[in-house]
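1. what follows is a predicted structure for the sequence shown.
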Amino acid sequence: MTTETDNWYSAETATLGDRIAAGRDKAGMSQSQLSKRLGVTLPTLKAWENDVSEPRANRLSMLAGLLNVSVMWLLTGEGEGVGDPDQTLDLSPEVSEILAEIRDLRVEMRDTSDRLGRLEKKLRAKLKDA
């Protein structure tokens, strides 16, 4: 038997904005904190959460890293995401701070990896031309 709260964040039940807000809440961040970490304005983040607009792919990837969820979960509700609201854990502020730092490092590492890839591509092009 399926209840209304089964698949709480599925594509049929929730929107991208709902999942962004749920991930942010689970990560223990305010809208202001998340917008600063993403490098976007607060109105931009609010527009995403209210389904007025959608983030571009690079910001969606950063969101997933910061919220510790998969991009697929943000888009469809399937994959690694947050549990139903009934399943939330209360984490101490210290643990939440450590998790936030880990998420920040994960995003920095992904950005650095992307930058390294772009530089490698430029170098290969220059070597090919030479």
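-> Happy to help now that I have it.

2. buried set for the longest helix along the chain?
-> Using DSSP state H to define each element, the chain has its longest helix at helix 93-129. Across helix 93-129, burial judged by 16 or more other CB atoms under 10 Å covers 100, 103, 107. (Each C-beta comes from the backbone N, C-alpha and C, glycine too.)

3. what's the nearest residue to the second one if we skip its chain neighbours?
-> Beyond its immediate neighbours in the sequence, the residue positioned closest to residue 103 (CB to CB, 6 or more residues apart in numbering) is residue 66, lying 4.9 Å away.

4. and the residue nearest to residue 28 when sequence neighbours are not counted, how far from residue 45?
-> For residue 28, ignoring the flanking residues on the chain, the nearest one in space by CB to CB, 6+ apart is residue 96 at 4.4 Å. In this view, residue 96 and residue 45 are 19 Å apart by CB to CB, to the nearest Å.

5. what's the burial count for residue 24?
-> Burial measure for residue 24: 21 neighbouring residues, criterion other CB atoms under 10 Å.
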